[in-house]
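Colleague: Test case, fold it:
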Amino acid sequence: MEIILVYYCQVIFLSFIVINHLGEIYLTQRQLNALNNGRDKVPVEFETVLSLSDHQKAIEYGSARLHLSQAQLIWNAVLLFYWFPFRGLEKLYLAVPGINLHREVVFLVSLMAIQMILNLPWSVYSTFVLEEKFGFNRTTWKLFILDRVKGVILGALIGVPLLYAVMIFFEAFPNTWWLASFLLLTFFQFAMVWIYPTWIAPLFNKFRPLEEVELKTGIENLVTNAGFVAKEVYVMDASRRSSHGNAYFTGFGKSKRIVFFDTLLGTLNAKEVFAILAHELGHLKLKHIPKSLAAGVIMSFIGFALMGYLGQKQEFYAGHFLRMNSPGALLILFSMAMPLYTFWFTPLSSWVSRKREFEADAYAAQETGADGLISGLLKLYKENASPVITDNIYSAFYHSHPPALERVKKLKSLERQPS
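Modeller: Residues are numbered from 1 along each chain as shown. As a prediction, this is how the structure comes out:
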């Protein structure tokens, strides 16, 4: 009976690898078809902002990124087959030195290092070929290498002690290690949100206080009216790496700050900047961020509890082609294999995210007027070469923000509403 159960689990696992990746390739092809079918005409809602050449550049850029993602999907499927059915993980586990928890940590670090090296060519191609071709890349080879080196050092300094802590929990608390690990990692995640703005982000980018008086005064008024206090408004040197623009809130409590990409400030006028900021404030005012954090904590708890339960089942490991039931193997199963089973729930989380984006847009329209947000978004679509047409099914899976057409139509309806 146990052999039959393992066999069925293996068949299901292999089926999910194939079906998921074919499904994602199919969804990507739907988006490619939608872009190709709409390349010869700018949607009416965008005619005043996007020229046909701008529109077609966005189509070509979006299509190039989709073709790259299709190739990556195939590559990721190949890696999954190698690590699991072809026993690559088992071979690596037997090859690494050490005993007990030291061996588990070396095993995990070795796998992460190999995965990083295997996926490095995709980052190189994306940065220095694709982004370069469309005029977005400003990253030098020196900066690219420095970013990776810093990332590796930072990951080692933070990640290795965490791995050792989890492995110690495995040995010290055989039945409740998962709860101790959940509490540790939850604390760590909240601590990272607090320390990231002041300690980690400056390792990769330079931040300067916003000096433009008109912008700074208007921003401070918006933040105050929303009932928040931000330590400072900063401008980040995003232009060192890319010409894409963005803005975000980060941090907790006294470390909270507003960050604008310098590329965004070079694209938008003051009214549009205020509208984009008001949208971000809307997320805070409507408590979207704590809701997301709470949901993340709940899902993390469920995940760790499931690990605690399944980690005791030998057939769970064997059902994924693993003949060792080590702590490291369990963590890898949940990080690499389990996402295959949760992929089909993605539209639900995307729907929640898009709903909150509409709510933040409505808040911004109330605070600064819908016209500023509309014009600001349209400029960002143009400058970032973001296609304004999309396939609805593809969007349901992959877009955390509403499609451009839906978003602009909704904002225009808010613009027409009496105050």
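Colleague: Quick one: mean pLDDT for the longest helix belonging to the chain?
Modeller: For the chain, the helix with the greatest residue count under DSSP state H is helix 2-37. The average pLDDT within helix 2-37 is 94.
Colleague: what's the answer for stretch 245-261, then?
Modeller: The model assigns stretch 245-261 a mean pLDDT of 73.
Colleague: correct me, but residue 25 touches residue 73?
Modeller: Yes: with contact defined as CB atoms under 8 Å, residue 25 reaches residue 73; the gap is 5.7 Å. C-beta here means a position set from N, CA and C on the backbone, and glycine is covered the same way.
Colleague: Residue 169: neighbouring residues, count only.
Modeller: By other CB atoms under 10 Å, the residues close to residue 169 number 21.
Colleague: So which elements touch the strand or helix carrying it?
Modeller: Per DSSP states H and E, residue 169 falls inside helix 141-172. Helices and strands in packing contact with helix 141-172 are listed as helix 100-125, helix 177-195, helix 327-332; criterion 3 or more CB pairs under 8 Å, 6 or more residues apart in numbering; DSSP states H and E.
Colleague: Tell me which of the ones you listed sits nearest to residue 317.
Modeller: helix 327-332 (6.3 Å; CB to CB).
Colleague: what does the closest one contact?
Modeller: Here helix 327-332 makes contact (CB atoms under 8 Å, 6 or more residues apart in numbering) with 89, 93, 101, 103-105, 107-108, 111, 166-167, 170, 307, 310-311, 317, 322.
Colleague: again, 7 Å this time
Modeller: 89, 104, 107, 108, 111, 167, 170, 307, 311, 317, 322 (CB atoms under 7 Å, 6 or more residues apart in numbering).
Colleague: Model confidence for the third one, exactly?
Modeller: Same thing as residue 107. For residue 107, pLDDT reads 96.
Colleague: quick revisit: between the helix holding residue 169 and helix 177-195, how big is the angle?
Modeller: 150 degrees (axes from the mean of the first three to the mean of the last three CA atoms, to 10 degrees).
Colleague: the inter-axis angle of helix 141-172 versus helix 100-125?
Modeller: 160 degrees.
Colleague: burial count for the closest residue to residue 115 other than its chain neighbours?
Modeller: Nearest residue to residue 115 in three dimensions, chain neighbours excluded: residue 79, at 7.7 Å (CB to CB, 6 or more residues apart in numbering). Using other CB under 10 Å, residue 79 has 16 other residues around it.
Colleague: ok, which stretches of the stretch 251-400 of the chain are strands?
Modeller: Using DSSP state E, counting those that start in this stretch, the strands of the stretch 251-400 of the chain run over 257-261.
Colleague: Show me the shaky parts of the stretch 151-300 of the chain.
Modeller: Residue ranges of the stretch 151-300 of the chain with pLDDT under 70: 229-231, 251-256.
Colleague: Let me see the mean pLDDT of the very next helix or strand once past the longest helix of the chain.
Modeller: Stepping forward along the backbone from helix 2-37, the first helix or strand reached (DSSP H and E) is helix 52-83. What helix 52-83 shows for mean pLDDT is 95.
Colleague: Could you list every helix and strand in contact with helix 52-83?
Modeller: Under the contact criterion of 3 or more CB pairs under 7 Å, 6 or more residues apart in numbering; DSSP states H and E, helix 52-83 touches helix 2-37.
Colleague: Redo the contacts of helix 327-332 as a markdown table? Include neighbour count and distance to residue 330.
Modeller: Listed next are the contacts of helix 327-332 as a markdown table, based on neighbours: other CB atoms under 10 Å; distance: CB to CB, whole Å:
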| residue | neighbour count | distance to residue 330 |
| --- | --- | --- |
| 89 | 23 | 12 |
| 104 | 25 | 10 |
| 107 | 26 | 12 |
| 108 | 23 | 11 |
| 111 | 21 | 13 |
| 167 | 23 | 11 |
| 170 | 21 | 9 |
| 307 | 21 | 6 |
| 311 | 21 | 5 |
| 317 | 20 | 8 |
| 322 | 22 | 9 |
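Colleague: List just the nearest of these to residue 250.
Modeller: Using CB to CB, those come closest to residue 250 at residue 108, 28.6 Å.
Colleague: Quick one: residues contacting the closest one.
Modeller: 163, 328, 331.
Colleague: Over to residue 276?
Modeller: 247, 268, 376.
Colleague: Return the closest of these with respect to residue 290.
Modeller: Nearest member of those to residue 290, counting by CB to CB, is residue 247, at 20.1 Å.
Colleague: Quick check: closest non-adjacent residue to that closest one.
Modeller: residue 260 (4.7 Å).
Colleague: surely the one you found meets residue 245?
Modeller: No: the pair residue 260 / residue 245 is not scored as a contact, 8.6 Å apart, by CB atoms under 7 Å.
Colleague: from the contacts of helix 327-332, which is closest to residue 58?
Modeller: Checking the contacts of helix 327-332 one by one against residue 58 (CB to CB), the nearest turns out to be residue 111, at 37.7 Å.
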